[in-house]
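K.L.:
Got a predicted structure here, sequence first:
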Amino acid sequence: MSGRIATDYEIKDSGNRNMSASYTETELPYVHKVGKPPKQDLLKEIKTTLKETFLSDDPLKPFKDQPRKKKFVLGLQAFFPILSWSRDYSFSKFKGDFIAGCTIASLCIPQDIGYAKLANLLPQYGLYTSFVPPLIYAFMGSSRDIAIGPVAVVSLLLGTMLQNEVDPVKQKHEYLRLAFTATFFAGITQAALGFLRLGFLIDFLSHAAIVGFMGGAAVTIALQQLKGLFGIKNFTKKTDIVSVMRSVINSAHHGWNWQTILIGVSFLIFLLVAKFIGKRNKRLFWVPAIAPLISVIVSTFFVFITHAERHGVNIVRHIEKGINPSSVHEIYFSGPYLTKGFKIGVVAGLIALTEAVAIGRTFASMKDYQLDGNKEMVALGSMNIIGSMTSCYVATGSFSRSAVNYMAGCNTAVSNIVMSMIVMLTLFVITPLFKYTPNAILASIIISAVLGLIDIDAVLLLWKIDKFDFIACMGAFFGVIFVSVEIGLLISVAISFAKILLQVTRPRTALLGKIPRTSVYRNIEQYPGATRVPGVLIIRVDSAIYFSNSNYIKERILRWLTEEEETFKDHPKVEYLIVDMSPVTDIDTSGIHALEELQSSLNKRKVQLVLTNPGQTVLDKLHASHFADHIGEDKIFLTVNDAVLTLAPKMEQA
């Protein structure tokens with residue numbers, strides 16, 4: 001597999017060590033032969049594939065060669081990471097966790113009351129959800145920074161899907177039971193993904209789709225709060241922007257309350273200013289953190305002394321005192337609501353899981369530690385399963401609270417325990433004081449919180465980097481605000497899958513040329529200075545060749561050949577078509593069949609097919625299908641340069 005060509009490559013000649021540096025046509029450049037790979041063990045190949053898919057992080061490695069007692073301890077630490085890191089816990093770490101816990105508690109208490117309303121639940125259920133789940137997560141979670149509790153997007157999604165099945169006003173008890181059932185199955189879904197190590201499935205929801213979905217949900221949530229901000233009594237149950245704005249405008253003459261608007265708008269401005277201060281000066285992170293609680297205290301006191309509720313200002317009125325009652329008997333384990341709860345739970349669980357894992361990974365990278373995604377799923381699932389049995393609805397990681405937790409100097413998940421204890425004290429002691437809290441202040445707190453979910457910088461970056469990602473983002477965004485949260489979610493998933501299918505079925509191919517004064521061949525569009533080799537067409541396939549794209553790749557290569565012949569009619573006729581298979585990671589039977597058809601079509605045009613640098617898996621299948629014998633082993637090369645060195649002299653002789 002060697003040929004003669006004038007070149008400036010180093011030639012190793014054992015018979016003449018002092019040969020001249022200028023070479024002639026009689027010299028033989030070295031071309032490495034592509035040998036037949038050793039036959040692979042099918043069982044070993046299947047085992048390797050399964051391991052890389054489900055056990056890529058080798059979770060059983062720490063257990064190898066360990067005594068039984070040590071394995072038991074390691075097993076407990078795997079399920080309860082707190083047993084591992086608590087051994088090095090110190091008072092200095094506790095100080096940071098205590099301050100962080102107190103700070104996020106001041107933020108979460110007013111938010112929880114508002115988020116419960118988003119889910120069409122009584123205020124105490126929001127507080128319940130910030131008591132039990134954070135405790136469970138602190139023992140089982142692997143993130144040091146994530147703050148657990150109810151969040152706006154999941155609350156809205158859950159509330160919207162639940163009210164499509166059950167009326168939250170006329171069927172209060174059934175609605176509550178369905179909420180607990182959905183939470184139970186959300187936890188089952190999350191834990192199952194972790195135990196079965198299927199966490200990679202949530203990666204199918206692309207970053208672009210998440211940005212669009214979150215932004216649309218933020219706008220929808222903010223619009224929903226206009227009811228509380230303006231004191232509107234008769235408000236639409238729909239979430240789309242058209243229905244909401246029509247409801248707001250129609251109630252302008254008789255449904256708005258100026259005292260409510262004054263309270264809501266005034267404190268909304270205060271909260272936004274506090275956020276601005278916190279962004280401008282990172283040391284003042286505590287200002288936006290305590291601003292919601294200050295707003296609740298001041299507005300509650302104002303309403304109490306003025307009795308503004310007598311003038312049409314809607315207030316919370318009553319929050320049940322005491323910690324979470326048991327709700328095991330409330331979960332539907334049979335009947336028609338079981339299926340409905342399961343469907344809602346799966347959707348809510350996946351969205352909650354996606355948000356929590358994204359938040360956890362973000363802060364883990366900032367502090368440079370590893371986050372075990374599967375352990376996180378088991379922890380999140382376990383806390384929601386137990387939460388469903390203790391009067392909680394779906395909990396997950398909150399980005400705003402996690403950011404405050406991080407900036408407040410948290411060191412471990414103990415900050416969640418501190419927050420949980422403060423919420424418990426609130427449930428025992430402080431809840432009666434929320435009686436005169438105006439709904440307008442809760443609306444202001446939610447609006448100021450969700451505005452941070454609209455990431456304009458990320459959208460602009462998507463536009464610059466990938467227009468298809470931008471379309472996916474906008475599709476999810478407009479789907480949420482103009483139709484519904486569920487449709488927006490469906491659109492985001494559909495566009496994400498469409499992108500995958502498009503990339504799989506229509507992979508990129510490139511025409512290669514030689515970079516001057518090198519032996520390197522690159523895309524001529526990327527490197528306009530790269531030169532074509534006369535009589536040789538070099539094409540690179542940038543994808544695995546499967547049944548889904550094999551026919552397209554074959555036809556695209558033939559189109560390249562036709563375009564080349566039509567464009568360069570005065571140049572030497574193409575005699576060799578070199579397919580660079582460096583990026584081709586795999587090939588199936590349809591791909592082999594496409595190569596056979598390609599060779600047949602090329603033979604009719606009197607063009608020879610040449611392959612370069614096929615990987616081990618591809619080469620093994622080429623030999624197993626006898627295509628390598630059919631094409632000829634002398635037509636398979638290690639590099640494009642080797643192929644050109646070998647074939648160019650033959651073209652000159654022809």
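P.N.:
That came in fine, so what should we check first?
K.L.:
Just the buried positions in stretch 558-577, please.
P.N.:
558, 560-561, 564, 574-577 (16 or more other Cβ atoms under 10 Å). C-betas here are computed from N, CA, C, even on glycine.
K.L.:
Same question for stretch 509-525.
P.N.:
Using 16+ other Cβ under 10 Å as the test for burial, stretch 509-525 gives 509-514, 521-524.
K.L.:
Those into JSON lines, with extra columns for secondary structure?
P.N.:
JSON lines is the format used below for the buried residues of stretch 509-525 (DSSP: H, G, I helix; E, B strand; the rest coil):
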{"residue": "Thr509", "secondary structure": "strand"}
{"residue": "Ala510", "secondary structure": "strand"}
{"residue": "Leu511", "secondary structure": "strand"}
{"residue": "Leu512", "secondary structure": "strand"}
{"residue": "Gly513", "secondary structure": "strand"}
{"residue": "Lys514", "secondary structure": "strand"}
{"residue": "Tyr521", "secondary structure": "strand"}
{"residue": "Arg522", "secondary structure": "strand"}
{"residue": "Asn523", "secondary structure": "strand"}
{"residue": "Ile524", "secondary structure": "coil"}
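K.L.:
List just the nearest of the residues you listed to Ser625.
P.N.:
When these are ranked by distance to Ser625 (Cβ to Cβ), Thr509 comes first, at 22.1 Å.
K.L.:
Report the contact partners of that closest one.
P.N.:
Contact analysis of Thr509 by Cβ atoms under 8 Å, 6 or more residues apart in numbering lists 539-542, 553, 556-557, 560.
K.L.:
Need those residues in CSV (columns: secondary structure, distance to Asn234 and pLDDT).
P.N.:
What follows is those, written out as CSV (DSSP: H, G, I helix; E, B strand; the rest coil; distance: Cβ to Cβ, whole Å; pLDDT from 0 to 100):
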residue, secondary structure, distance to Asn234, pLDDT
Ile539, strand, 66, 95
Arg540, strand, 64, 94
Val541, strand, 62, 94
Asp542, coil, 58, 92
Ile553, helix, 60, 94
Arg556, helix, 60, 93
Ile557, helix, 65, 94
Trp560, helix, 65, 90
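K.L.:
Show me which of the residues you listed are buried.
P.N.:
Of those, these count as buried by 16+ other Cβ under 10 Å: 539-541, 553, 556-557, 560.
K.L.:
circling back to that earlier point, what's the farthest-apart pair in the buried residues of stretch 509-525?
P.N.:
Thr509 and Lys514, at 18.0 Å, using Cβ to Cβ across those.
K.L.:
Which positions within stretch 633-653 qualify as buried?
P.N.:
By 16+ other Cβ under 10 Å, the buried positions in stretch 633-653 come out as 635-648, 651.
K.L.:
The stretch 101-250 of the chain: strands as residue ranges?
P.N.:
147-149 (DSSP state E, counting those that start in this stretch).
K.L.:
can I see the domain layout of the chain?
P.N.:
Residue ranges for the domains of the chain, per automatic domain parsing: 47-79, 83-315+325-501, 507-653.
K.L.:
For stretch 375-385, give me every contacting residue.
P.N.:
78-79, 81, 132-134, 136-137, 140-143, 148, 183-184, 186-195, 199, 349, 352-353, 356-357, 360, 392, 394-396.
K.L.:
Next step: the buried residues of stretch 633-653 restricted to strands.
P.N.:
636-637 (DSSP state E).
K.L.:
which of the buried ones among the contacts of Thr509 lies closest to Leu176?
P.N.:
Of these, the one sitting nearest to Leu176 (Cβ to Cβ) turns out to be Ile553, at 55.9 Å.
K.L.:
residues contacting the closest one?
P.N.:
507, 509, 541, 543, 545, 591, 594.
K.L.:
Now for the closest residue to Val248 other than its chain neighbours: which residues touch it?
P.N.:
By the measure of Cβ to Cβ, 6 or more residues apart in numbering, the closest residue to Val248 outside its immediate chain neighbours is Leu226, 5.3 Å from it. Shown in contact with Leu226 (Cβ under 8 Å, 6+ apart): 232, 244, 248, 443.
K.L.:
same deal with Leu489?
P.N.:
Counting by Cβ under 8 Å, 6+ apart, Leu489 touches 157, 213, 347, 351, 476, 479-480.
K.L.:
I'd like those residues as JSON lines, with secondary structure, neighbour count and pLDDT appended.
P.N.:
Shown next, in JSON lines, are the contacts of Leu489 (DSSP: H, G, I helix; E, B strand; the rest coil; neighbours: other Cβ atoms under 10 Å; pLDDT from 0 to 100):
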{"residue": "Leu157", "secondary structure": "helix", "neighbour count": "29", "pLDDT": "91"}
{"residue": "Phe213", "secondary structure": "helix", "neighbour count": "29", "pLDDT": "88"}
{"residue": "Val347", "secondary structure": "helix", "neighbour count": "22", "pLDDT": "92"}
{"residue": "Ile351", "secondary structure": "helix", "neighbour count": "26", "pLDDT": "90"}
{"residue": "Ala476", "secondary structure": "helix", "neighbour count": "32", "pLDDT": "89"}
{"residue": "Gly479", "secondary structure": "helix", "neighbour count": "24", "pLDDT": "92"}
{"residue": "Val480", "secondary structure": "helix", "neighbour count": "32", "pLDDT": "90"}
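K.L.:
before we move on, back to that, hmm, which two among the contacts of Thr509 are most spread apart?
P.N.:
Once Cβ to Cβ is applied, these give Asp542 and Trp560 as the farthest pair, at 13.4 Å.
K.L.:
Correct me if wrong: Ser326 contacts Thr390.
P.N.:
Yes - the pair Ser326 / Thr390 is scored as a contact, 6.5 Å apart, by Cβ atoms under 8 Å.
K.L.:
hang on, the earlier thing: list just the nearest of the contacts of Leu226 to Leu122.
P.N.:
Ala443 (16.8 Å).
K.L.:
The closest one: which element?
P.N.:
helix 439-450 (DSSP states H and E).
K.L.:
now for the next helix or strand after that helix, which elements pack on it?
P.N.:
Later in the chain than helix 439-450, the nearest helix or strand by DSSP H and E is helix 456-465. On a contact count with 3 or more Cβ pairs under 8 Å, 6 or more residues apart in numbering; DSSP states H and E, helix 456-465 meets helix 207-224, helix 467-482.
K.L.:
I'd like the mean pLDDT over helix 456-465, please.
P.N.:
What helix 456-465 shows for mean pLDDT is 92.
K.L.:
now swap in stretch 385-393 and tell me
P.N.:
Mean predicted confidence for stretch 385-393 is 97.
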